[in-house]
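> just a sequence and a predicted model for now, questions to come.
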Amino acid sequence: MGNNELKKYTDILRMKKNIILQGAPGTGKTYTTAALALSLIDENISYFNHDVVMEKYQEYVEKGQIAFITFHQSMDYEDFVEGLKPQLVENSDGNTAGIAYRVEDGIFKRLCKQAIKDSALVSMQDNFESVWGKLVDELDEKDFIEIPLLSGKNTFRIELNEYGTGLATRTYEDDSFQKDRWISGKSKFFSKEQLYNVYRGLPGTPARGHDNYRKAIIRYCKENLGLIEYALPLNNTQSNTNPFILIIDEINRGNVSKIFGELITLLESDKRIGSMHPINVRLPYSRELFSVPPNIYLIGTMNTTDRSVGTIDYAVRRRFAFITLKSEKSAIEKFYDNVPGGTDAALKNKALELFSSVKRFIEENKIEEDFDDLMPGHSYFMAKSDAELEQKFIYEVLPLLHEYHKDGLLKAIFDETKINNQIHDNQ
């Protein structure tokens, strides 16, 4: 892959936000993801030097700006976004008393949080739903809570209403506060929806009646139950934010729709924080409102010869740009021409002859299949010695060609005799 191609792919990624590199085994998909991620970060390095690229790539992995994951058939939403994870609970003696379940963020949600924090972006912040649950639990235990008025001079009591769906401040006949002795018509009721409106800075009701009480309840929740300040997404993205990249290897081996769930819509560039049509969703376990920041980028890889897994559906496909990496003869030539210590002309010619033989065989025997999907990648023909080239060909290329034949992708079995003679020539 030359500088022009790398720049082209980087521009596509910057615009689309999500891309998938597809191709046959050995075409350099995994290495290209590293170079592409560094190019997006705008690292000024030699992208032809494998060691330099991988060393710099590892630096950003350790910093948390690049993350890597491999999809597989047992992976799901709980691993990727968030899920309930079991945790042992100990009693006061330090012995196990049971199991509790807590919400744990997945790799994608963690990276999004880091991207927001790093770039000082403001995402949709709203944990009212979870705090409301805490408030209801507290009232179930205590029957009532004393809430200080905004002036701080007096307090008022809140209880759950008869149905447990809202709050009430009741007036009783006496100080016994017996549930059956409250005076109808002299009580105030605050619905969950009214409190949520006040939390967002809106009137509790159109007439704003009793909003000072509602504001006092919201203040109590902030001071005692962890209610965070409500915040809307930014209207404009920040151009100087650092990119955060998630590399998903073998993306088609997982059930992508199941893994992403409702977040698949949020991946689109115009649905992110600060975009033209920002969208947020309430996550199922934490009940948090979640949106994807504009500086999150996804790079997936997909093996086009793998017939053991299904294809990616259209809903997922239209959220990604697809780039096909081909097996390139020029890449083999460049590898041998840049070997430290000088080019081994004999080894280079042998590798190029093997490449040409395999290419010719596939072109003559393929059955209605795109040649680029079948041609083993150039990395199989890059070796530092004759022995390494022989091992790669016998134990990696030939088994792949045999699998093609077994799967009905090739009409004939590759003739190993001629190639064995070719491999051992001049040895």
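Received, thanks. Residues are numbered from 1 along each chain as shown.
> next, the buried residues of the helix or strand where Phe361 lies.
Here Phe361 sits within helix 345-365, counting by DSSP states H and E. Using 16 or more other CB atoms under 10 Å as the burial criterion, the residues of helix 345-365 that qualify are 347-348, 350-351, 354-355, 357-359, 361-362, 365. Every C-beta, even on glycine, is put in place using the N, C-alpha and C of the backbone.
> how about stretch 142-152?
For stretch 142-152, by 16+ other CB under 10 Å, it's 144-145, 147.
> just send the residues you listed back as CSV, with pLDDT and secondary structure too.
Listed next are those as CSV, based on pLDDT from 0 to 100; DSSP: H, G, I helix; E, B strand; the rest coil:
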residue, pLDDT, secondary structure
Phe144, 87, coil
Ile145, 92, strand
Ile147, 93, strand
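> and which of the residues you listed is nearest Ser385?
Ile145 (77.0 Å; CB to CB).
> mind listing what the closest one touches?
Residues near Ile145 by CB atoms under 8 Å, 6 or more residues apart in numbering: 138-139, 157-158, 220.
> what's opposite it in the beta bridge?
Ile158 (DSSP bridges).
> any idea how far Leu139 is from it?
6 Å (CB to CB, to the nearest Å).
> burial measure for Lys153, as a count.
Applying other CB atoms under 10 Å, we find 7 residues neighbouring Lys153.
> could you do Thr30 as well?
Using other CB under 10 Å: Thr30 sits among 14 other residues.
> who's in contact with whichever strand or helix holds it?
Element membership of Thr30 [criterion: DSSP H and E] is helix 29-41. Contact with helix 29-41 is made by 1, 6-7, 9-10, 13-14, 21-23, 45, 47, 50, 53-54, 56-57, 60, 65-66, 242-243, 245, 247, 249, 297, 299, 301-303, 325, as judged by CB under 8 Å, 6+ apart.
> and the residues you listed, which of them are in strands?
If you go by DSSP state E, those have 21-23, 66, 245, 247, 249, 297, 299, 301-303 in strands.
> top of those residues by neighbour count?
Ile299 leads these on contacts (other CB under 10 Å) with 27 neighbours.
> poorly predicted segments of the chain, please.
Confidence mapping of the chain against pLDDT under 70 gives the ranges 1, 90-94, 120-124, 173-185, 232-240, 307-311, 369, 418-427.
> quick one, what contacts the most centrally placed residue in it?
Nearest to the geometric centre of the chain sits Phe108, at 3.3 Å (CA atoms, centre = their mean). Residues near Phe108 by CB under 8 Å, 6+ apart: 80-81, 246, 263.
> which ones among those residues lie within strands?
Filtering those for strands - DSSP E - leaves Leu246.
> just send the contacts of Phe108 back as JSON lines, with neighbour count too.
Converted to JSON lines, those look like this (neighbours: other CB atoms under 10 Å):
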{"residue": "Phe80", "neighbour count": "24"}
{"residue": "Val81", "neighbour count": "24"}
{"residue": "Leu246", "neighbour count": "22"}
{"residue": "Leu263", "neighbour count": "21"}
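> ok so, going back, assumed the residue nearest to the centre of the chain was part of a helix.
Yes - judged by DSSP: H, G, I helix; E, B strand; the rest coil, Phe108 forms part of a helix.
> if we can go back for a sec, and the contacts of the helix holding Phe361?
327, 329, 332-333, 336-337, 371, 374-376, 378, 381-383, 385-386, 389, 393, 397, 401, 404, 410-412, 414-415, 418-419, 422-423, 425-426.
> Pro294 versus Glu82, what's the distance?
From Glu82 over to Pro294 the distance is 21 Å, taken as CB to CB.
> if we can go back for a sec, which of the ones in strands among the contacts of helix 29-41 sits closest to Arg272?
Looking across the ones in strands among the contacts of helix 29-41 and measuring by CB to CB, the closest to Arg272 is Tyr297, at 11.0 Å.
> could you find the closest non-adjacent residue to Gln22?
Leaving aside its sequence neighbours, Gln22 sits nearest to Met302 (CB to CB, 6 or more residues apart in numbering; 4.3 Å).
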